[in-house]
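> Take a look and give me a structure for this.
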Amino acid sequence: NKKEVDCGINGVASNEKIVNIVAEAFNLKTVLPTCRDGTEYGACSSDKPWYCYNGRLIKRCDLCGCASGICKTEGRSTQCVEQGRKEIDKAPPEKPTTGKTSKIEIVQITTNSADQGNPAIYGDKIVWQDFRNGGYDNTDIYMYDLSTKQEIQITKNTASQKYPAIYGDKIVWTDYRNVNSSNRISTDVYMYDLSTGKETQITTDPAMEQVSSIYENKIAWTTHTPYNSTTRSYYDIYMYDLATGKKTQITTSPGSQWYPLIYGDKIVWTDTRNQQLIPYYYKSNEDIYMYDLSTGQETPITTAPYYQFLYDFDGNKIAWLDSRNYGAIAIYEIYTYDLSTRQEMRIPANATYGLWDADVYGDKLVLNDYRNGNYDLYMYDFSTGKETQIDSNTADQWDADIYENKIVWTDSRNYGQDIYMAIIS
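Numbers count the residues shown, from 1 in each chain. Prediction:
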């Protein structure tokens, strides 16, 4: 049955004429994200056996075939081999590290055959999201205690729990249990207290809320707000204080503010308030802002052109990915801002190698790049200016987090995704 719609009326949410919204939509271009060689997500590269997975090129000869030889499967790994001869899809030999000699012990944390990812570490505890109990429709939060060598399942709800963060004995995450057919975006923030064994729902608003960080008794997250045609606001930053039970809205500016990281009395985030609206799309201009809870003052950290995406904050150094020197083509460099010295610094790494990750702790920064033909982790020492490769394995390593002398990450060396750790001495 056909129905006629009056497109001359205004939309309820936007208060703009429907005919104008439709015309704008027809002029939008759908652009699929790609890996560094131009291969679209979920597609095989022309350079076999590489496959574009979530922005990374991984070896999948079982999907993409081999340039020569045959695809051989052993357990969870695949590789191209000549029959009766050596492996042929190995990455090029590694370049020598540039840092001073350090003893680095590599430890595999997870061995379950399912995927694990998004690890975070605090003290002797590592948390991550785990796919073993139902795949992508039922991810759970797990924890490994380095002191007891015990793995613990934190969440058991049949919905998905993702993106964990940990501080002390408290773990927070984004929870999908309240998402339903009538409210598809109602994700919430939940917390688990290791000392009491109690799980607590932090947010109850009928909106999409995604947790980013926790510090002592304060939790920071992003809330997806209803569309406002005047401010064009989509996301705002909120904070909850466990000690007082008070929820506080941190941002009210135009544009979107997301991925808040809290440490001490300061919250930093990525901000789009300075984007320019031109016909049919926004001109990219993400910046970094900070809010001081003790003074109530908001401060721009960087308003450089193009992309600046916040990555980490340790209470003094703020680290982000930055494309100011490359424009809108999304080639990133790593920049940091030191609150104690008020100095901005560009990390001296080659941006053409696909920099990713920028995790900071004290005088150390962990970065991820593609210089060896796969995603490797490196550590930059601010005190010496030296860089050290963390692991020489030719598989991909990404999603790093650092605490003191321990670095954790997601690793694909076993074909799937596992959590690994490096102990540096």
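> Following the chain past the helix-or-strand element of the chain with minimal mean pLDDT, name the next helix or strand.
Here the helix or strand of the chain ranked lowest by mean pLDDT, DSSP states H and E is strand 281-283, holding a mean of 54. Going down the chain from strand 281-283, the next helix or strand is strand 287-292, by DSSP states H and E.
> Name the surrounding residues that touch the next helix or strand after that following strand.
Next helix or strand after strand 287-292 toward the C-terminus (DSSP H and E): strand 297-302. Identification of contacts with strand 297-302 by Cβ atoms under 8 Å, 6 or more residues apart in numbering yields 268, 287-292, 308, 318, 320, 322, 335, 337, 344. All C-beta atoms are positioned from the backbone trio N, CA, C, and that covers glycine.
> Quick one: mean pLDDT for strand 297-302?
Average pLDDT, strand 297-302: 97.
> Sheet partners, orientation included, of it?
Sheet pairing of strand 297-302 (DSSP bridges) gives strand 287-292 (antiparallel).
> Return the set of buried residues in the strand it pairs with.
Buried residues in strand 287-292, counted by 16 or more other Cβ atoms under 10 Å: Asp287, Ile288, Tyr289, Met290, Tyr291.
> Tell me what the closest residue to the third one other than its chain neighbours is bridged to.
Spatially, and ignoring its direct neighbours in sequence, Tyr289 is nearest to Asp271 (4.6 Å; Cβ to Cβ, 6 or more residues apart in numbering). Per DSSP bridges, the residues bridged to Asp271 are Gln257, Asp287.
> give me every residue that touches Asp271.
Contacts for Asp271 (Cβ under 8 Å, 6+ apart) come out as Thr251, Ser253, Gly255, Ser256, Gln257, Glu286, Asp287, Ile288, Tyr289.
> so what pLDDT did it get?
You'll see Asp271 listed with a pLDDT of 95.
> ok, it to Tyr307 distance?
Distance, Asp271 to Tyr307, using Cβ to Cβ, to the nearest Å: 12 Å.
> list the residues that contact both of those two?
Glu286.
> Distance to Gln129 and pLDDT for the buried residues of strand 287-292 - can I get that in CSV?
Below are the buried residues of strand 287-292 laid out as CSV (distance: Cβ to Cβ, whole Å; pLDDT from 0 to 100):
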residue, distance to Gln129, pLDDT
Asp287, 29, 96
Ile288, 26, 98
Tyr289, 28, 98
Met290, 28, 98
Tyr291, 28, 98
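> so can I have JSON lines of those residues showing distance to Gly117?
JSON lines is the format used below for the buried residues of strand 287-292 (distance: Cβ to Cβ, whole Å):
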{"residue": "Asp287", "distance to Gly117": "28"}
{"residue": "Ile288", "distance to Gly117": "25"}
{"residue": "Tyr289", "distance to Gly117": "28"}
{"residue": "Met290", "distance to Gly117": "28"}
{"residue": "Tyr291", "distance to Gly117": "30"}
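> ok, these vs Leu377, which is closest?
Ile288 (23.1 Å; Cβ to Cβ).
> Hmm, Trp320 and that closest one touching each other?
Yes. Using Cβ atoms under 8 Å, Ile288 makes contact with Trp320 at a distance of 5.6 Å.
> who touches both of these two?
Contact criterion Cβ under 8 Å, 6+ apart; residues bridging Ile288 and Trp320 by contacting each: Thr270, Thr302, Gln308, Leu310.
> now, among the residues you listed, which is nearest to Glu199?
Using Cβ to Cβ, these come closest to Glu199 at Leu310, 28.3 Å.
> Based on its surroundings, how many neighbours for that closest one?
Leu310 has 26 neighbours, counted by other Cβ atoms under 10 Å.
> Of the shared contacts of Ile288 and Trp320, just say which sits nearest to Gln417.
So of the shared contacts of Ile288 and Trp320, ranked by how close each gets to Gln417 (Cβ to Cβ), first place is Leu310, at 24.0 Å.
> C-alpha coordinates for the one helix or strand that closest one maps to, CSV please?
Leu310 is part of strand 308-313 when elements are defined by DSSP H and E. Provided in CSV are the C-alpha atoms of strand 308-313 (Å, rounded to 0.1, in the frame of the first residue of the first chain):
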residue,chain,number,x,y,z
GLN,A,308,42.9,15.9,16.9
PHE,A,309,41.7,12.7,18.7
LEU,A,310,42.3,12.3,22.4
TYR,A,311,44.0,9.1,23.3
ASP,A,312,45.3,9.2,26.9
PHE,A,313,45.7,11.3,30.0
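> Mind giving me the packing neighbours of it?
Packing contacts for strand 308-313, counted by 3 or more Cβ pairs under 8 Å, 6 or more residues apart in numbering; DSSP states H and E, involve strand 257-263, strand 266-271, strand 287-292, strand 317-322, strand 356-361.
> got TSV for those, with distance to Ala165 too?
Shown next, in TSV, are those (distance: least, Cβ to Cβ, whole Å):
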stretch	distance to Ala165
strand 257-263	9
strand 266-271	14
strand 287-292	18
strand 317-322	16
strand 356-361	13
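> got the angle for the strand holding Leu310 vs strand 266-271?
Interaxial angle, strand 308-313 versus strand 266-271 (axes from the mean of the first three to the mean of the last three Cα atoms, to 10 degrees): 150 degrees.
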